[in-house]
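Peer 1: task: produce atomic coordinates for the following.
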Amino acid sequence: MENFNLEIPINKLSFGNCSINILFELFKLKRNPTIVPIGAQVDFSGFAPFISKEFMEWFKSCTSGVQSRHSRKNPTVKLWHLSGSLNSYSDNQHLFTFYELDSPTSSEVNIVKNQKEVFFSSSYSKEVFNNVGCDNITHCPLGFDSRSFFRKDTKRVTDKIVFGLAGKLEKRKQHHKVIKNWVKKYGNNPNYLLNCAISNPFLTKEQYQGSLNSVLEGKSYFNVNFIDFMDGNVAYNDYLNNNDIILGMSAAEGWGLPEFQSVGIGKHSVILNAHSYKDWANQSNSVLVNPSGKISSYDGLFFSEGQEFNQGSYFDWNDDEFISACEEAEKRFISNPLNKEGEKLTTRFTWENTTKIILNSIEI
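Peer 2: Reported below is the predicted structural model:
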């Protein structure tokens, strides 16, 4: 085995998607790290059609016998949250993590400073930590997963203009604000449809439904769909292809994979011109909405004031400017349904490049 370790979660969530894409690249490069999965369950089912027998044999060989051959002298690349990353398998740990706010706590700063190096996908996050004295930060953009996501030249099943809204339902992603503004403009208009893939496995059914009821204010809209959690990337690719315009108005993101993937397969978009979105969205591939200021991040669920982690604020935006951007995105779609500038993201950002940045940094 090679003299570096990889400690990663392997699941159907966004962290797992990042981990598995890095594994694919290491397999392709014929690298053989010692792999330590985070969590009790290893789940490749989201990528089921792309998992070969040879890949699984390689993976099993990299995960077997860890206790007998592991050395803390070897560098470790760990992909995980800041919380939980002070512990390590190595004296030389390189952490790949995601940060979404603007006010690192003393614990977060200490965890970062105790790493050999920290990879942030967002250049905004890198700047935030640089500003509090952390100089061991490397910007490492995510890649486009061309195995899972691609444009499908299928016949349109509707003549409506279809907007898409994605990501786990929470205040940070501004889902409530987006939906409230969208239904005010387009609600019950037969020429428009909003597909919401915003289920959140970290909320109970009661919390999820209650949250939706509050934003819809008890009203019914025949042109707003709420889609259940999709098990695999094949189904998710179908969802992305069924939209014409993706709405990326999140107040804070580490990258924004659904929006990024949508634009990459040629969908038009409305994107907040802030945080990590600025690393890949521009005036050519997206209709941009400039932030109007910042608001508190505290929601009583995922962000609570006075805690050891996740403190601070994130970006807000103006309602009227959002609707104007939707109208502009409509015009772009009508002019040309294919966002050719968006397709350029698939070659500009690749998981091969992401993986090589990591390998070059650990000098392996």
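
Peer 1: all strands of the stretch 1-150 of the chain, in order?
Peer 2: 5-9, 34-38, 76-79, 93-97, 117-120, 137-139 (DSSP state E, counting those that start in this stretch).

Peer 1: for those strands, which one sits closest to D228?
Peer 2: D228 sits nearest to strand 5-9 of all the strands of the stretch 1-150 of the chain, at 22.7 Å, using Cβ to Cβ. For glycine as for every other residue, the C-beta is placed from the backbone atoms N, C-alpha and C.

Peer 1: quick one: average pLDDT of the closest one?
Peer 2: Strand 5-9 shows a mean pLDDT of 96 in the predicted model.

Peer 1: buried sites along that strand?
Peer 2: By 16 or more other Cβ atoms under 10 Å, the buried positions in strand 5-9 come out as N5, L6, E7, I8, P9.

Peer 1: need the nearest residue in space to the fourth one, chain neighbours excluded.
Peer 2: Going back to what we said before, that points to I8. Nearest residue to I8 in three dimensions, chain neighbours excluded: S19, at 3.9 Å (Cβ to Cβ, 6 or more residues apart in numbering).

Peer 1: just list the residues touching that neighbour, thanks.
Peer 2: By Cβ atoms under 8 Å, 6 or more residues apart in numbering, S19 lies in contact with I8, P9, I10, L79.

Peer 1: please repeat the previous calculation with a cut-off of 10 Å.
Peer 2: Neighbour list for S19: 6-11, 13, 35, 37-38, 79-80, 96 [criterion: Cβ atoms under 10 Å, 6 or more residues apart in numbering].

Peer 1: please apply the same query to K171.
Peer 2: 177, 211, 251, 295-303, 314.

Peer 1: now do 8 Å
Peer 2: Counted by Cβ under 8 Å, 6+ apart, K171 has contacts A251, S297, D299, L301, F302, F303.

Peer 1: burial measure for the fourth one, as a count.
Peer 2: What it means is L301. Close neighbours of L301, defined as other Cβ atoms under 10 Å, add up to 14.

Peer 1: right, and it touches K168 too?
Peer 2: No: L301 is beyond contact range of K168, at 11.0 Å (criterion: Cβ atoms under 8 Å).

Peer 1: residues touching the closest residue to I265 other than its chain neighbours, list them.
Peer 2: Nearest non-adjacent residue to I265, counting by Cβ to Cβ, 6+ apart: R151, 4.4 Å away. Each residue near R151 by Cβ under 8 Å, 6+ apart is listed here: N241, I265, G266, L338, E343.

Peer 1: for the last one, give me its contacts.
Peer 2: This points to E343. R151, G264, I265, G266.

Peer 1: those residues in strands, which ones?
Peer 2: Judged by DSSP state E, these include no members of strands.

Peer 1: which of those ranks first by neighbour count?
Peer 2: G264 (26 neighbours).

Peer 1: now the helices: where do they sit in the stretch 201-350 of the chain?
Peer 2: 205-216, 233-241, 257-264, 319-335, 340-343, 345-348 (DSSP state H, counting those that start in this stretch).

Peer 1: mind putting these in JSON lines, mean pLDDT and distance to N92 included?
Peer 2: Formatted as JSON lines, the helices of the stretch 201-350 of the chain follow (pLDDT from 0 to 100; distance: least, Cβ to Cβ, whole Å):
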{"stretch": "helix 205-216", "mean pLDDT": "90", "distance to N92": "41"}
{"stretch": "helix 233-241", "mean pLDDT": "96", "distance to N92": "33"}
{"stretch": "helix 257-264", "mean pLDDT": "98", "distance to N92": "29"}
{"stretch": "helix 319-335", "mean pLDDT": "98", "distance to N92": "45"}
{"stretch": "helix 340-343", "mean pLDDT": "98", "distance to N92": "39"}
{"stretch": "helix 345-348", "mean pLDDT": "98", "distance to N92": "31"}
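
Peer 1: so which of those has the densest surroundings on average?
Peer 2: helix 257-264 (a mean of 26; mean count of other Cβ atoms under 10 Å).

Peer 1: now it, how far from the centre of its chain.
Peer 2: 9 Å (Cα atoms, centre = their mean, to the nearest Å).

Peer 1: contacts for that helix, please.
Peer 2: 14, 17, 142, 144-145, 149, 164, 166-167, 197, 236, 240, 243, 246-248, 250, 269, 271, 277, 280-281, 285-286, 339, 342-343, 345-346, 349.

Peer 1: identify the farthest-apart pair in the contacts of E343.
Peer 2: R151 and G264, at 8.9 Å, using Cβ to Cβ across these.

Peer 1: quick one: W255 and F98 touch, right?
Peer 2: Yes: using Cβ under 8 Å, W255 makes contact with F98 at a distance of 7.5 Å.

Peer 1: what's around the nearest residue to G133 once chain neighbours are set aside, how many residues?
Peer 2: Closest residue to G133 apart from its sequence neighbours, by Cβ to Cβ, 6+ apart: V109 at 7.3 Å. Neighbour count of V109, defined by other Cβ under 10 Å: 15.

Peer 1: please renumber so the chain begins at 13
Peer 2: Got it, first residue is 13 now, which makes that one V121.

Peer 1: quick one: contacts for V121?
Peer 2: Contacts of V121 by Cβ under 8 Å, 6+ apart are F141, V144, G145, C146.
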